[in-house]
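Participant: Sharing a model prediction with you, sequence too.
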Amino acid sequence: MSDLHIFDRMESEVRGYIRSFPVLFTHAKGSLLYDEQGKRYIDFFSGAGSLNYGHNNAILKEALLEYMQEDGVVHGLDMATTAKKSFLEAFDQYVLAPRNWNYTLQFTGPTGTNAVEAALKIARQVTGRQNVISFTHGFHGVSCGALAATANQKFRQAAGISLQNTTFMPYDGYLGPDIDTIGYLERLLEDPSSGLEKPAAVIVETIQGEGGVNVASPRWLRALQQVCRQYGILVIVDDIQVGCGRTGDFFSFEKAGIQPDIITLSKSISGYGLPMSLVLMKPELDVWQPSAHNGTFRGNNLAFVTATHALKQYWADQAFSEQIKQKEQFVRDWLENIVHSYPGSGLSVRGRGLIQGLVTPAGSDLAAEIAQTCFEAGLIIETSGAQDEVVKFLPALTISQTLLEEGLNRLEKSVATVMAQAPRTAQIVKLGAHS
């Protein structure tokens, strides 16, 4: 067992993941982590989605080390540097131009929540309105503007102040499969006496990662954009966790065929786990005055270097996207097989791309027990959802087929171990293991 006494003695009680994974990690490569005892862990967590290309990706590391060896500018505020220039050129060439899109890029402070803050501020400046619509189970960050648009009670209670200027609406499927929640929103908007203050923007995740891997359908997203266009409301897509290829396409909303007014990116945009955040806005929305949303670390040049090479290496053509979609089908089939092995257990699967959720009955503690058993078996995986009822599958997009299968085997065995210990009242019947 690792000696973690120094963390207990000196670090704030706010620390979280160290409690789920209480070992001292020493090094990592690709989809593997190692602790000080030399134990090997398969990573199905990927830094909460910030390591889409794995730990210490060799191609990105080589570019980073070369830049540093040449004394490239590391800290440059928002000044022009060769690293930023190369990133802008690559983003235009590999992301915007192939889609025939025209967006202005804003580099905010390095956290996702800062990108969300900037997006909300610009929407309010452009429209002159204060209210924002967010959705049940949504997560957008923990600074106060982003937190006001976050639904999770645990995070909201930590604010210490009243969180205002946000109205929550039911997400796709929140009221059941037969309830049109966009119709509900539209009715409120068209009725001047509904009590709904006309919003500056709607902010939405196409897949709610923290909220429990809840997936919005393409039809729902298209209807949402249509209503927003009708009433002059800006559409902000928070693509911080499920963008940068997580769903197979570079942006998670491409399948729906929508084009948001504002997009936020962070986590894996740097490609290497380096802090970087980005706001894309339609050019006519760029009403910022110089330095009106500034920050000492708005523009991480090391992140620009690795981000540029990630775009060149993985997004120059469709090959990488197709590989992700093939892995999605493989993983989905495996997880569905696990669910079918336990009829009557309340297990189910939901997700898209390489963000998938094994859903357990709310309040059962099964998800936490499965994740803990996985960790003991050398598999790192987390839970999410309003009651942590979902085992969230979030591997690197570059994970090898061999490691993918090995990790899924460990997950399946962990599920079997936990389900064998489940109360008889759950009426769980094991039919057979995955072959």
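Facilitator: Looks like it arrived, so ask away.
Participant: contacting residues for the residue nearest the centre of the chain?
Facilitator: Centroid-nearest residue in the chain: residue 241, 1.5 Å away (criterion: Cα atoms, centre = their mean). Taking Cβ atoms under 8 Å, 6 or more residues apart in numbering as the criterion, residue 241 is in contact with 48-49, 205, 207, 209-210, 267, 355. Every residue, glycine included, has its C-beta placed from N, CA and C.
Participant: Quickly find the element holding it.
Facilitator: Using DSSP states H and E, residue 241 sits in no helix or strand.
Participant: Low-confidence bits of this structure, can you list those?
Facilitator: 1, 423-435 (pLDDT under 70).
Participant: for it, which helix is longest?
Facilitator: helix 319-340 (DSSP state H).
Participant: Residues contacting that one, please?
Facilitator: Outside helix 319-340, the residues that reach it (Cβ under 8 Å, 6+ apart) are 245, 247-250, 314-315, 345, 347-349, 351-354, 356, 358, 393, 397, 399, 401, 404, 408, 411-412, 415, 431, 434.
Participant: again, only this time at 7 Å
Facilitator: The contact list for helix 319-340 (Cβ atoms under 7 Å, 6 or more residues apart in numbering) reads 245, 248-249, 314, 347-349, 353-354, 356, 358, 393, 397, 404, 408, 412, 415, 434.
Participant: try stretch 96-106
Facilitator: Under Cβ under 7 Å, 6+ apart, the answer for stretch 96-106 is 88, 91, 118, 259, 278-283, 286.
Participant: who wins for neighbours among the contacts of residue 241?
Facilitator: With neighbours taken as other Cβ atoms under 10 Å, the top of the contacts of residue 241 is residue 205, carrying 28 neighbours.
Participant: Would you list the phi and psi of the nearest residue to it once chain neighbours are set aside?
Facilitator: Excluding its sequence neighbours, the residue lying closest to residue 205 (Cβ to Cβ, 6 or more residues apart in numbering) is residue 238, at 5.0 Å. Residue 238 adopts backbone torsions of phi -90, psi 100, taken as degrees, to the nearest 10.
Participant: these two touch, right, residue 238 and residue 208?
Facilitator: No. Counting by Cβ atoms under 7 Å, residue 238 stays clear of residue 208, with 9.6 Å between them.
Participant: who's more crowded, the two?
Facilitator: Using other Cβ under 10 Å, the more surrounded residue of residue 238 and residue 208 is residue 238, with 31 against 26.
Participant: what is that one paired to in the beta sheet?
Facilitator: As for beta bridges, residue 238 partners with residue 264 under DSSP bridges.
Participant: Can you give me the end-to-end span of stretch 383-392?
Facilitator: End-to-end span of stretch 383-392 (Cα to Cα, to the nearest Å): 5 Å.
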